[in-house]
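> coords please:
(chains A and B)
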Amino acid sequence: MDLLTIGQIINTTLVFATALIFASLGGIFSEKSGVTNLGLEGFMVFGAFAAGIGAHYAQEAGMGGTTSAWMGVLLAIVLGVLVSLIHAVASITFKADQIISGIVINFLAAGSTLYLVKLLFEGSGDSPLVQGFSKFDVPFLEDIPLLGEAFFKNVYPTTYLAILFVFLTYYIMFKTPFGLRLRSVGEHPSAADTVGVKVRRYRYVGVMISGALAAIGGAAITLTTTGTFSHNTVSGQGYIAIAAMIFGKWNPIGAFGAAVFFGFSQAIRNYVQLFEWSQSIPQEIIFMLPYLLTIVVLVAAVGRSSAPSALGEAYDPGKR
Amino acid sequence: MNNVLKWFTRDSFILPVVAIIMGLILGGVVMLIGGYNPIEAYGALFTKVFGDMYNFGEAVREMTPLIMTGLAFAFASRAGLFNIGGEGQFLVGMTAATFVGVKFTGLPIYLHVPLALIAGALFGGLWAAIAGYLKAARGVNEVISSIMLNWIGLYLANLIVRQFLLLKGENRSVDISESASISLTWLSELMGNSRVHMGTLIALVMAVLFYIYMWKTKQGYEIRAVGYNPNAAEYAGMHVNRNIVKAMFISGMLAGLGGAFQVLGVFHYQTVMSGSPGTGFDGIAVALIGLNHPFGVLLGAVLFGTLTYGSAGMSFAADVPPEIIRIVIGSIIFFIAAQGIVRWILKPFYSKRKKEKVL
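Next up is the predicted model:
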């Protein structure tokens, strides 16, 4: 176990964490506004799909690798917002059960993306391989021992973007009037309504931002690790993002920490053979560790629930 | 006669039926946009399921675990719990049944089969009871804990298969003993050698037991009371926490039994899985289509099973991607969940009916 390996593990951790960071930040926007979002998985699938085909067609049109990758991200945002409207209309306007509405998104995502991929690419279950984002090295900083290997060598722009969004989300949520209003409709919608905050409008915005961010998360997977979209590109990461959000107590910084933790647990699988002591432990134990720890943390955090208090309730002005 | 008519015009009947029709139409529209002929596609789907005995038997086999995971979700829902962990409970039940089926050799069939089934149900129930206990004792949201338990269940199942049951050189368990099999050879031969099994009959019995327990017993009443209003139930002297754990346990038993059916009746072994089979999640859809009523769940499983199994025929005969069926099912749940939309569409009919009543 040398410094180089540790640096590489940190590097891989961040790559795996990137998608989770975006999606869990998305979850925060939606849930802070009072709308439960079990549809993060679905939004990520739509995003991963849009990134795959967006980047493919941009490349076909003659754009370079990085430009076409950004086009993929752009398409992911558009599709993510559009699809999030399904969740918003059902759960905010028509007061459907928000958990069920989220599950619907996951169903629709699994079906429609594969249907479209098969439709667009003559029956193939995968989108064509795209170049995606290329890894780059930050000059000078890459030479720092350990830190260079971990943070500045072979990095993707999406990772930096994700970290930037963590602080941006924190700022928006806790330092701007918009964030205050968004949180108020999630905590006490009738009080917010009384002082003139448009409850439903803020909830719509919260859900739409969550759709966009989760879709970027999905796009990050396609454009960095897999290079193509297929049925198992996302495979449950949306649910892990939900766990990261709750693990992080609906706080962007906390969610970031949790996402890194889950990313580490994914990265460690690639390196676990390197440790001598790991040979005696079945790999399944290592795989289940993050989920076990999440439960332990949830149990330990008893009595300090930090969920928005109106989470999951449709707002009914008549009940004020 | 009037009663029959009343039953068919009830909201709990009309809304799902309209939702199903709307889902099918929406799927048809998506097919049209993709350049396919929806009538041909739905026709091929129907022919696949009902065309011959073998495929019909296989479709029934497909429906069986869905009935169980659907009942599981519906049972918990009646207690006001969102058991999204059917997936994990299904896997744990599957593994327990495999373990008993492989390791307990030399038992007569009338002991081995019940033992394997009970093991599946029991461990599925215990797995769900963890989430129930965490909610009751520590206030941990069951949605989150059961999602985590799904993953832990997946790896636990793989761990047990790899450590104790592995067939040398293969990525799967040893076959279960003949004495633990619930395959029905005579019925299977009758149905073109499809893999029909005893589990289907047990599933039907479970739906009936669900109904009796929930609506005809005191315990069922308590569970429903806790589901409607835990505070009122508490005030009335019911033990809310105990009922939460109990409801989760029974819910998990149903899902676990469904997993046991797959091993004992269909595959006779268990593979090391890279991902969850998805039956638990599909059970959520089945229960939602069935409005969390046991007989609705049966119908939901028939619909879901027919659509998914038939979709293979659709892609074979009409070249339509079978994934379209996920869109159809998703829209059906969407319209059922967002009843407001269906009511809004049905508004003209409703107002007419009300006028008739006034007259």
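> first-to-last residue distance for stretch A:135-149?
Criterion C-alpha to C-alpha, to the nearest Å; first-to-last residue distance in stretch A:135-149 is 13 Å.
> what average pLDDT does that stretch get?
The pLDDT scores in stretch A:135-149 average 79.
> what residues does it touch?
Outside stretch A:135-149, the residues within contact range by C-beta atoms under 8 Å, 6 or more residues apart in numbering or on different chains are A:3-4, A:6-8, A:10-11, A:151-157. All C-beta atoms are positioned from the backbone trio N, CA, C, and that covers glycine.
> next: stretch B:36-54.
For stretch B:36-54, the surrounding residues in contact (C-beta under 8 Å, 6+ apart) are B:24, B:27-29, B:31-32, B:55-56, B:59, B:190-194, B:306-307, B:309-314, B:316-320, B:324-325.
> just the helices in chain A please.
Secondary structure of chain A by DSSP state H: the helices cover A:3-32, A:40-60, A:65-88, A:98-120, A:147, A:157-175, A:177-187, A:189-194, A:199-220, A:237-247, A:252-271, A:283-300.
> just to revisit the earlier point, nearest to B:Glu234, of the contacts of stretch A:135-149?
Nearest to B:Glu234 among these is A:Ile10, at 49.5 Å by C-beta to C-beta.
> residues in contact with that closest one?
Residues in contact with A:Ile10 (C-beta under 8 Å, 6+ apart) are A:Glu149, A:Ala150, A:Phe151.
> so which of the contacts of stretch B:36-54 also contact chain A?
Contacts with chain A within the contacts of stretch B:36-54, counted by C-beta under 8 Å from any C-beta of the partner chain: B:Asp319, B:Ile324, B:Ile325.
> next, count neighbours for the first one.
Per other C-beta atoms under 10 Å in any protein chain shown, the neighbour tally for B:Asp319 reads 13.
> for it, what are phi and psi?
phi 60, psi 20 (degrees, to the nearest 10).
> export stretch A:152-166 to PDB, keeping only CA atoms.
The C-alpha trace of stretch A:152-166 is given here as PDB (Å, rounded to 0.1, in the frame of the first residue of the first chain):
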ATOM      1  CA  PHE A 152      -5.300  16.800 -10.100                       C
ATOM      2  CA  LYS A 153      -4.200  13.900 -12.300                       C
ATOM      3  CA  ASN A 154      -6.600  12.000 -14.600                       C
ATOM      4  CA  VAL A 155      -9.600  14.100 -13.500                       C
ATOM      5  CA  TYR A 156     -12.900  14.700 -15.300                       C
ATOM      6  CA  PRO A 157     -14.400  18.200 -15.500                       C
ATOM      7  CA  THR A 158     -17.700  16.700 -14.100                       C
ATOM      8  CA  THR A 159     -16.000  16.000 -10.800                       C
ATOM      9  CA  TYR A 160     -15.000  19.600 -10.300                       C
ATOM     10  CA  LEU A 161     -18.400  20.700 -11.500                       C
ATOM     11  CA  ALA A 162     -20.000  18.500  -8.900                       C
ATOM     12  CA  ILE A 163     -18.000  19.900  -6.100                       C
ATOM     13  CA  LEU A 164     -18.700  23.400  -7.300                       C
ATOM     14  CA  PHE A 165     -22.400  22.600  -7.200                       C
ATOM     15  CA  VAL A 166     -22.200  21.500  -3.600                       C
END
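> what sits against the residue in the stretch 1-150 of chain A positioned nearest to chain B?
Chain B sits closest to A:Gly111 of the stretch 1-150 of chain A, with a gap of 2.6 Å, by C-beta to the nearest C-beta. Going by C-beta under 8 Å, 6+ apart, A:Gly111 touches B:Glu323, B:Ile324, B:Ile325, B:Arg326, B:Ile327, B:Val328, B:Ile329, B:Gly330.
> the last one belongs to a helix, doesn't it?
Yes. The assignment for B:Gly330 by DSSP: H, G, I helix; E, B strand; the rest coil puts it in a helix.
> what about the chain, any weak spots by pLDDT?
Reading this off chain A. Where chain A drops to pLDDT under 70, the residues are A:1, A:272-278, A:302-305, A:319-320.
> switch to chain B, please.
Under the criterion pLDDT under 70, the flagged ranges of chain B are B:1-2, B:5, B:7-9, B:350-359.
> B:Ile39: how many residues sit nearby?
Look at B:Ile39: counted by other C-beta under 10 Å, it has 11 neighbours.
> in which helix or strand does it reside?
Using DSSP states H and E, B:Ile39 falls within helix B:38-50.
> centre of the chain to the helix or strand following that helix, how far?
Under the assignment DSSP H and E, the closest C-terminal helix or strand after helix B:38-50 is helix B:53-78. Centroid displacement of helix B:53-78 relative to its chain, using C-alpha atoms, centre = their mean, to the nearest Å, is 5 Å.
> following helix B:53-78, which helix or strand shows up next?
Scanning forward in sequence from helix B:53-78 by DSSP H and E, the next helix or strand is helix B:86-103.
> alpha carbons of that next one, as CSV, please.
What follows is helix B:86-103, C-alpha atoms only, in CSV (Å, rounded to 0.1, in the frame of the first residue of the first chain):
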residue,chain,number,x,y,z
GLY,B,86,-40.0,-6.6,-1.2
GLU,B,87,-37.0,-7.1,-3.4
GLY,B,88,-34.7,-7.9,-0.5
GLN,B,89,-37.3,-10.0,1.4
PHE,B,90,-37.9,-12.0,-1.9
LEU,B,91,-34.2,-12.7,-2.2
VAL,B,92,-33.7,-13.6,1.5
GLY,B,93,-36.7,-16.0,1.3
MET,B,94,-35.3,-17.5,-1.9
THR,B,95,-32.0,-18.1,-0.2
ALA,B,96,-33.5,-19.6,2.9
ALA,B,97,-35.6,-22.0,0.8
THR,B,98,-32.5,-22.9,-1.3
PHE,B,99,-30.5,-23.6,1.8
VAL,B,100,-33.1,-25.9,3.3
GLY,B,101,-33.7,-27.5,-0.2
VAL,B,102,-30.0,-28.3,-0.6
LYS,B,103,-28.8,-29.0,2.9
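> who are the packing partners of the helix or strand just after that helix?
Sequence-wise, the next helix or strand downstream of helix B:86-103 (DSSP H and E) is helix B:109-138. With contacts defined as 3 or more C-beta pairs under 8 Å, 6 or more residues apart in numbering or on different chains; DSSP states H and E, the packing partners of helix B:109-138 are helix A:283-300, helix B:86-103, helix B:142-160, helix B:240-261.
> quick check: which of the ones you listed is buried the most?
Among the helices and strands packed on helix B:109-138, ranked by average contacts under mean count of other C-beta atoms under 10 Å in any protein chain shown, first place goes to helix B:86-103 (a mean of 30).
> hmm, that helix touching chain A?
No. Taking C-beta under 8 Å from any C-beta as the criterion, helix B:86-103 and chain A are apart, separated by no less than 10.0 Å.
> excluding its backbone neighbours, what's nearest A:Ile86?
Using C-beta to C-beta, 6 or more residues apart in numbering or on different chains and skipping the chain neighbours, the partner closest in space to A:Ile86 is A:Ile105 (6.5 Å).
> ditto for B:Ser188
Using C-beta to C-beta, 6+ apart and skipping the chain neighbours, the partner closest in space to B:Ser188 is B:Val196 (5.5 Å).
> report the contact partners of the one you found.
Residues counted as contacts of B:Val196 (C-beta under 8 Å, 6+ apart) are B:Gly57, B:Val60, B:Arg61, B:Ser183, B:Leu184, B:Leu187, B:Ser188.
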